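A.B. asks: any chance you can model this:
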Amino acid sequence: RADDDFWLTIILLLARTVLDLSPIALFGAAAYGGLTLFGPEHAGARLAAVPLINASVLARSVIAAARMLLAPKVMELRLFPLGDETANYLFIWVKRLANLAIYGFFILHASHLLGLNPAANNSLLKVLGLAIGLLLIMLILQNRMAVATWIRGDSDGFLLLMRRRFADVWHILTIVYVVVSYTVWALEITDGFEFVLRATVLTIAIVVIGRLIELSLRKVMQRAFALGQELNTRLPGLETRANRYLPLIQSAARGVLYVLVLFAVLQAWGLDIFSWLSSEAGRFVFGRVIMIALIVGVALVAWEIF
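C.D. replies: Numbering: from 1, shown residues only. The predicted model follows:
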């Protein structure tokens, strides 16, 4: 029911997921048992049947997990604040990608065990990877506007300009990432996939840490500019005057944080930006930026004193 509390919803959701997984487990047990007792005598055929059973179990398990997380048909069991249309849309795409990737890979593996030429098998595997990449690009393009709207958010000033620029090109960057990942995998570049995976993990970690720092800075600044009740009573206009520059300081701090996060991400992807900052040209640019910030700060202080 809609008025069930969170923990009851979790229990019901887990119970329904167990019901979803039970026939999958029974199918796997029956399939392996039947293969052991009545399977073909040819060793290659027996080995080829195993990947097909694994594909069916794995694909159905992934779909069951997606059904648990998205609850496309039962909004009361949905853990995330998603509408029915969005939940069903994501569930359809998970099913589509899971079925193509899992069944495609295991069918090719079974074909290899049945005697398919290794070169032909490798070529078909590359075609499968290309099909998955094209589906991901299609998914990115379909959600281009929705994600761009979410990226723009409700910021203002300089940050709004930055977020607008990123919102305009996020899909291009993501498509380039998909293309680079597929190229590294398809061409079997030495240590290339490890580099992409490591850079991706570092990028996610940097963005998450940057977000946590941003939230902490926001709370610290709000507390720093908040005046006590006694001081507000004695000087009623002081807090309003002090908070006049709070949005500006918050925007400046977020801007500096975003630049540092960007530099760290570029460093993770092999662009040695910090070495450039320590060079003569980098010190020149960095020094001028600090000088401009100090001049603006001194000018604001002088204005308030005046």
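
A.B. asks: CA atoms for contacts and neighbours, from now on please.
C.D. replies: OK.

A.B. asks: helices or strands next to the helix or strand containing Thr183 in the packing?
C.D. replies: According to DSSP states H and E, Thr183 maps onto helix 157-186. If contacts are counted by 3 or more Cα pairs under 8 Å, 6 or more residues apart in numbering; DSSP states H and E, helix 157-186 sits against helix 118-142, helix 144-152, helix 192-225, helix 246-268.

A.B. asks: quick check: angle from it to helix 246-268?
C.D. replies: Angular relation of helix 157-186 and helix 246-268 on a 0 to 180 degree scale: 20 degrees, by axes from the mean of the first three to the mean of the last three Cα atoms, to 10 degrees.

A.B. asks: so for helix 157-186, mean pLDDT?
C.D. replies: Computed over helix 157-186, the mean pLDDT rounds to 82.

A.B. asks: now stretch 234-246
C.D. replies: 70.

A.B. asks: okay, Ile305 and Ala299: tell me how far apart.
C.D. replies: When Cα to Cα, to the nearest Å is the yardstick, Ile305 and Ala299 sit 10 Å from each other.

A.B. asks: kindly report the same for Phe80.
C.D. replies: The span separating Phe80 from Ala299 equals 48 Å under the rule Cα to Cα.

A.B. asks: show me which residues of stretch 96-112 are buried.
C.D. replies: Buried positions in stretch 96-112, judged by neighbour count with 16 or more other Cα atoms under 10 Å: 97-112.

A.B. asks: do stretch 54-74 as well
C.D. replies: Along stretch 54-74, the positions that meet the burial threshold by neighbour count (16+ other Cα under 10 Å) are 54-64, 66-72.

A.B. asks: so between Ile305 and Ala299, which is more surrounded?
C.D. replies: Ala299 (12 against 7; other Cα atoms under 10 Å).

A.B. asks: in which helix or strand would I find the more buried one?
C.D. replies: Assigned by DSSP H and E, Ala299 belongs to helix 280-305.

A.B. asks: also Ala66?
C.D. replies: Using DSSP H and E, Ala66 maps to helix 43-70.

A.B. asks: which helices and strands sit right next to that helix?
C.D. replies: Packed next to helix 43-70, using 3+ Cα pairs under 8 Å, 6+ apart, are helix 6-38, helix 84-98, helix 104-113.

A.B. asks: helix, strand, or coil at Leu82?
C.D. replies: When the structure is reduced to helix, strand and coil (DSSP: H, G, I helix; E, B strand; the rest coil), Leu82 reads as coil.

A.B. asks: backbone dihedrals for it, both of them.
C.D. replies: Backbone geometry at Leu82, expressed as degrees, to the nearest 10, gives phi -120, psi 140.

A.B. asks: and for it, the neighbour number?
C.D. replies: Neighbouring residues of Leu82 were enumerated by other Cα under 10 Å; the total is 14.

A.B. asks: how far away is it from Leu69?
C.D. replies: Applying Cα to Cα to Leu82 and Leu69 gives a distance of 11 Å.

A.B. asks: and if you look at Ile273?
C.D. replies: In this structure, Ile273 and Leu69 are 39 Å apart, going by Cα to Cα.

A.B. asks: swap in Val57?
C.D. replies: Between Val57 and Leu69 the distance is 18 Å, computed by Cα to Cα.

A.B. asks: do Ile140 as well
C.D. replies: Note on Ile140: its distance to Leu69, by Cα to Cα, is 21 Å.

A.B. asks: list the buried ones in the helix holding Thr183?
C.D. replies: Residues of helix 157-186 classed as buried by neighbour count (16+ other Cα under 10 Å): 159-160, 163-164, 166-168, 170-172, 175, 178-179, 181-186.

A.B. asks: report the angle between that helix and helix 192-225.
C.D. replies: Using the same axes, to 10 degrees, the interaxial angle of helix 157-186 with respect to helix 192-225 works out to 160 degrees.

A.B. asks: centre of the chain to helix 157-186, how far?
C.D. replies: Helix 157-186 has its C-alpha centroid displaced from the chain centroid by 12 Å (Cα atoms, centre = their mean, to the nearest Å).

A.B. asks: and what of stretch 83-90?
C.D. replies: Using Cα atoms, centre = their mean, the mean C-alpha position of stretch 83-90 is found 18 Å from that of the whole chain.

A.B. asks: what secondary structure does Gly270 sit in?
C.D. replies: Under three-state DSSP, the three-state class of Gly270 is coil.

A.B. asks: tally of neighbours for it?
C.D. replies: Residues lying near Gly270 (other Cα under 10 Å) number 10.

A.B. asks: give me the pLDDT for it.
C.D. replies: 78.

A.B. asks: likewise Pro81?
C.D. replies: In this prediction Pro81 is given a pLDDT of 83.

A.B. asks: state the distance from it to Leu116.
C.D. replies: Applying Cα to Cα, the value for Pro81 to Leu116 is 47 Å.
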